[in-house]
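Student: Sequence first, predicted coordinates after that:
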Amino acid sequence: MEQQDLYTEYRKHLKERILTVAMQAFKQHGIRNVRMDDIATTLAISKRTIYETYSNKEELLLDGIMREDKERKRDAQRYAEDETHNVMDIVCYIYNRDMAEMASVNPLFFSELSKYTRVMNYLTNKSEKDHKEAYSFVQRGIKEGYFVPFFDYNVVLNFIALSSKLTLGNPIFQKYDVNHLFTNTDQYCRIVSSWLLYTKRGRLY
């Protein structure tokens, strides 16, 4: 029994290592430029060992994206649960966190996601859930006096989601790193938002 537990723990640890190395490589070089052989070499394990855990690259990519999404959600929930943080504190925290994470991501990573059907299905379903959570968050911001109440925020949120998707997945923008894209497009969005969506209280942030 003890030996079985040790083996299970080893497999769990190995899976975490594979996910970490693979996602780092995908984001640095682009998904298609990374082979399973490359991941195995970095980890000093055989390619067969990787295939015993993941049958193909898409399965590995999907698991990695899902793991990162769960980690980001837990992090945001921990921050939001602190009663000293208001809506604008949370917006700024998540924005700064995501900017820091995406600063070094190769744009190829985003444009190549569309090549993987299971990944895109997951992201589509996730987008619908994220929209509902974001809408509830906006309602809280209205109650706290940071967002104006007379906009259709379903339209606003859909516009933001579509804009991000088109920007990150479009070949036109592949020559720019993600940090450059967000620095320039986000400044525009922040200016527009501050004058259209935020109340006077919200603009103080």
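Tutor: That came through fine.
Student: element containing the most centrally placed residue in the chain?
Tutor: Residue closest to the mean C-alpha point of the chain, counted by C-alpha atoms, centre = their mean, is Asp69 at 6.0 Å. Element membership of Asp69 [criterion: DSSP states H and E] is helix 57-80.
Student: Buried by neighbour count: which residues of that helix qualify?
Tutor: The neighbour-count check on helix 57-80 (16 or more other C-beta atoms under 10 Å) flags 57, 60-65, 76, 80 as buried. (Each C-beta comes from the backbone N, C-alpha and C, glycine too.)
Student: would you turn those into JSON lines with pLDDT?
Tutor: Converted to JSON lines, these look like this (pLDDT from 0 to 100):
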{"residue": "Lys57", "pLDDT": "96"}
{"residue": "Leu60", "pLDDT": "97"}
{"residue": "Leu61", "pLDDT": "98"}
{"residue": "Leu62", "pLDDT": "98"}
{"residue": "Asp63", "pLDDT": "97"}
{"residue": "Gly64", "pLDDT": "97"}
{"residue": "Ile65", "pLDDT": "97"}
{"residue": "Ala76", "pLDDT": "94"}
{"residue": "Ala80", "pLDDT": "92"}
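Student: of these, closest to Thr20?
Tutor: Set against Thr20, the nearest of these by C-beta to C-beta is Gly64 (8.3 Å).
Student: Give me the neighbour count for the closest residue to the closest one other than its chain neighbours.
Tutor: Distances taken as C-beta to C-beta, 6 or more residues apart in numbering put Met23 closest to Gly64, at 4.2 Å, once the chain neighbours are dropped. By the criterion of other C-beta atoms under 10 Å, Met23 has 20 neighbours.
Student: Poorly predicted segments of this protein, please.
Tutor: By pLDDT under 70, the low-scoring segments of the chain are 1-7, 163-205.
Student: can you give me the helices in it?
Tutor: 2-29, 36-43, 47-53, 57-80, 87-102, 107-112, 117-143, 153-169, 178-196, 200-203 (DSSP state H).
Student: Would you mind finding the most buried of those helices?
Tutor: For those, the largest average neighbour count (mean count of other C-beta atoms under 10 Å) is found in helix 107-112, namely a mean of 20.
Student: and for stretch 18-30, what are the contacting residues?
Tutor: 34, 38-39, 42-43, 50, 53-54, 60-61, 63-65, 67-68, 104-106, 108-109, 112 (C-beta atoms under 8 Å, 6 or more residues apart in numbering).
Student: try it again with 7 Å
Tutor: Identification of contacts with stretch 18-30 by C-beta atoms under 7 Å, 6 or more residues apart in numbering yields 34, 38-39, 42-43, 50, 53, 60-61, 63-64, 67-68, 105-106, 108-109, 112.
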